[in-house]
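*Asks:* Compute the structure for the input listed below.
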Amino acid sequence: MSGEVYAIASGKGGTGKTTVSINLGVSLAGLGNRTVVVDADIAMPNIGLLLGEDKVDKTYHDYMAGHAAIDEIIYEGPGGLKFIPGSLSLENISEVDVVKVVELIESLKDSFDFILIDTAPGISKETAVVLESADNTFLVVNPEISSVVDSLKIKIYVEMKEKNIKGIILNRTKMYQPEPGSEQQENEYEMLQEDITDILETEIYGEVPEDLIIKKSSIHREPSVLLEPGAKASIYFKSIASKLAGYEYDIEHELKPYKVGLLKRIFSFFSLRKDKVKN
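*Replies:* As a prediction, the model looks like this:
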């Protein structure tokens, strides 16, 4: 069976697109799917760096420049994931032939169940080719107006090419918190989900909350779903991957230990404050 190709796209940088690509990829591989993540960001690739594999011989850039074969650029990643890194060097960037993207994608379909392509933000020439070649596109969006509006441009382009938008992955929800003592509510600091779906005319496929585990995983150069599988963001990544692979995933059950731990921390906090007042 031919593999499914998903472009992981965003209208602007900094939405967490690469983090989404890596964690979805590892989660899909963990479910027994042959999965590869491709770093198609020609100018600013960092998948190899985030996976702790920045010293590689041949890369996506080398293949695009005609200096490497496909089997030379596929590497073994964590958790059974395979990945194709970009080059941190600018050596071959002027030789890149974006037409070879189509050739690469077609070849990968024969060997993998899921091909996740981490694109460059916006719509560059190379990103446009990926969007046109992918079976589906996920829009990675933050709950803020600039991210939503820029993603609208991606959506319009994909639909103009008569390709399918799989849905929105709403990343870093509750990224803006009210100041202590403020009367403002959390939803005053970020866009409501219904407003996002109204503007993009696209359903939210899944969401991932803001979580310190993402910064920690970046420092350790290990996907959060492997570093801390029980972290809140990790659980949401796994739920999206399960949905994509056609499996049931009881997210409420998985979140229960997290919620119990949170309640314990809250009660502990108030207990300490009470003791402090007594003293």
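*Asks:* Distance of Gly77 relative to Leu50?
*Replies:* With distances taken as Cβ to Cβ, to the nearest Å, Gly77 is found 10 Å from Leu50. Heads up, the C-betas are built off the backbone N, CA and C, glycines and all.
*Asks:* who touches the host helix or strand of Ala128?
*Replies:* With elements taken from DSSP states H and E, the one containing Ala128 is helix 125-133. Helix 125-133 is contacted by residues 5, 7, 9, 40, 42, 96, 98-99, 101-102, 105, 117, 119-121, 123, 137, 154, 157-158, 161, 163 when judged by Cβ atoms under 8 Å, 6 or more residues apart in numbering.
*Asks:* who's in contact with Ser87?
*Replies:* Under the criterion of Cβ under 8 Å, 6+ apart, the contact partners of Ser87 comprise Pro45, Thr59, Tyr60, His61, Asp62, Ile93.
*Asks:* cool, Asp211 as well?
*Replies:* Under the contact definition (Cβ under 8 Å, 6+ apart), the residues listed for Asp211 are Ser224, Ala231, Lys232, Ala233, Ser234.
*Asks:* Skipping its backbone neighbours, what lies nearest it in space?
*Replies:* In space, Asp211 comes closest to Ala233 once its chain neighbours are excluded; the distance is 3.6 Å by Cβ to Cβ, 6 or more residues apart in numbering.
*Asks:* Does anything pack onto the host helix or strand of that neighbour? Which helices or strands?
*Replies:* When elements are assigned from DSSP H and E, Ala233 belongs to helix 232-245. Applying 3 or more Cβ pairs under 8 Å, 6 or more residues apart in numbering; DSSP states H and E, one finds that helix 232-245 contacts helix 17-30, strand 204-209, helix 212-220, helix 224-227, helix 251-278.
*Asks:* So which residues make contact with it?
*Replies:* Applying Cβ under 8 Å, 6+ apart, the external contacts of helix 232-245 come out as 20, 23-24, 27-28, 30-31, 33, 114, 169, 205-211, 213-214, 224-225, 227-229, 248-249, 251, 254-255, 258.
*Asks:* of these, buried ones?
*Replies:* By the neighbour-count criterion of 16 or more other Cβ atoms under 10 Å, those include these buried positions: 20, 23-24, 27-28, 30-31, 33, 114, 169, 205-211, 213-214, 224-225, 227-229, 249, 254-255.
*Asks:* out of Gly77 and Leu50, which sits in the more crowded spot?
*Replies:* With neighbours defined as other Cβ atoms under 10 Å, Gly77 and Leu50 compare such that Gly77 has more, 24 against 21.
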